[in-house]
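[1] what would the 3D arrangement of this be:
(one chain, ligands or ions: 1)
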Amino acid sequence: MNKDGRIVKQISNDYWVLADGVSIVCKARGKFRNLDITPLVGDIVTIDYDNQYILNIHERKNELIRPRISNVDTALIVTSVQIPEFSTNLLDKLLTIIEYNSVEPIICITKYDLIDETKKQELTPYFDYYKSIGYELYFNIDENLKDVFKDKITVFAGQSGAGKSTLLNMLDKTLNIKTNEVSKALGRGKHTTRYTELISTCDGLIADTPGFSAVTFEGMTDSDIRDNFIEFNEYRHNCEYKDCMHINEPNCEVKRMVDNDTILQSRYDNYLKFIGKR
Ligand code: ZN
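    The predicted model follows:
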């Protein structure tokens, strides 16, 4: 009997496939090695249910390199406003890389309750701007965040110390226990093999890895960086040059929008830093 399911965990050549609510350990068939395809956590697969083999990997929506997960829907950027300080540079970097990977970024601002009114007023224009260009943004641990995970595969991104584990434990009280049990059972620690796992929570699946922790523009060209500053795309068709990089070109509409404060100055400055022009 064949069934469709999703790979939620991999250790060596063992794949845990979640099919109809049941997790079955399957092997990958040799044909994948010949085809130079490795099944990935996140893959939708057809399995031979009785013989516990993966027969077929369905087409992937996307494929991340770090962590090695496919079909990721959402990246939740957890970013703090205090210890560590809010950084537009890190946020813009993450947004650009996440957009490039065809994943939807969602921003969660943590420790917002710890800053005073003056600081809040100083940061509000930034937060309003990100909302205005279409990004969903949450403050602190908001119950509504639960809906973000529903029926999705989510990875985390952001600084360490931004409160990712606190956030998860607040949203799902059983999660901490669950992850600890898994870690203990496998003796995960410094000397054991790392593996990737998707954990069920809030009616969705989240990646139990540091997420986009190694943040680099690896594999991205300057044009890729430009194209993933999403608001630039609204204006680029009015630039004089078709392939305008919005640097020194005459009659650049993006630069005009920075000058008249339609595009946030820090977004543009970060863009120039990312493509190495500053
Ligand atoms: Zn331009």
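[2] from now on I want contacts and neighbour counts done on CA atoms only, so please keep to that.
    Fine.
[3] how about Thr196, phi and psi?
    Phi and psi for Thr196, reported as degrees, to the nearest 10, are phi -110, psi 140.
[4] strand partners (parallel or antiparallel) of whichever strand or helix holds Tyr138?
    Here Tyr138 sits within strand 136-139, counting by DSSP states H and E. Note on strand 136-139: by DSSP bridges, its sheet partners are strand 104-110 (parallel).
[5] got the contact list for the strand it pairs with?
    With contact meaning CA atoms under 8 Å, 6 or more residues apart in numbering, strand 104-110 is reached by 73-81, 95, 98-99, 135-141, 162-163.
[6] following it, which helix or strand comes up?
    Criterion used, DSSP H and E; the element after strand 104-110 is helix 117-132.
[7] could you say what helices and strands that next one packs with?
    The contact analysis (3 or more CA pairs under 8 Å, 6 or more residues apart in numbering; DSSP states H and E) places helix 117-132 against strand 136-139.
[8] next secondary structure after the strand it packs on?
    Assignment by DSSP H and E places the next element after strand 136-139 at helix 146-149.
[9] wait, Ser102 touches Arg60, no?
    No - at 11.4 Å, Ser102 does not count as touching Arg60 under the criterion of CA atoms under 8 Å.
[10] give me every residue that touches Tyr112.
    Neighbour list for Tyr112: 80-82, 139-140 [criterion: CA under 8 Å, 6+ apart].
[11] quick check: it vs Gln82, distance?
    Distance from Tyr112 to Gln82, counting by CA to CA, to the nearest Å: 8 Å.
[12] sorry, back to before: confidence-wise, which of the contacts of Tyr112 comes last?
    Minimum pLDDT across those is recorded for Asn140, with 77.
[13] isn't it up against Leu114?
    No - judged on CA under 8 Å, Asn140 makes no contact with Leu114 at a distance of 9.9 Å.
[14] more crowded one of those two?
    Set Asn140 next to Leu114 and count neighbours by other CA atoms under 10 Å: Asn140 wins out with 18 against 12.
[15] how far away is the more buried one from the ion?
    Asn140 is 36 Å from the ion, where distance means CA to the ion, to the nearest Å.
[16] what residues does the stretch 101-250 of the chain have near the ion?
    Within the stretch 101-250 of the chain, the positions near the ion by CA under 5 Å from the ion are 239, 244, 246.
[17] which helix or strand contains the last one?
    What that stands for is His246. Per DSSP H and E, there is no helix or strand for His246.
[18] count of neighbours near it?
    21.
[19] surely it touches Lys255?
    Yes - the criterion here is CA under 8 Å, and His246 meets it with Lys255 at 6.3 Å.
[20] surely Lys3 touches Gly21?
    No - counting by CA under 8 Å, Gly21 is not a contact partner of Lys3; they are 11.8 Å apart.
[21] make sure I have this right: Ile199 is in a helix.
    No - counting by DSSP: H, G, I helix; E, B strand; the rest coil, Ile199 is located in no helix; its state is strand.
[22] mind putting the contacts of Tyr112 into TSV with distance to Asp43?
    Formatted as TSV, the contacts of Tyr112 follow (distance: CA to CA, whole Å):
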residue	distance to Asp43
Ser80	32
Val81	35
Gln82	37
Phe139	32
Asn140	32
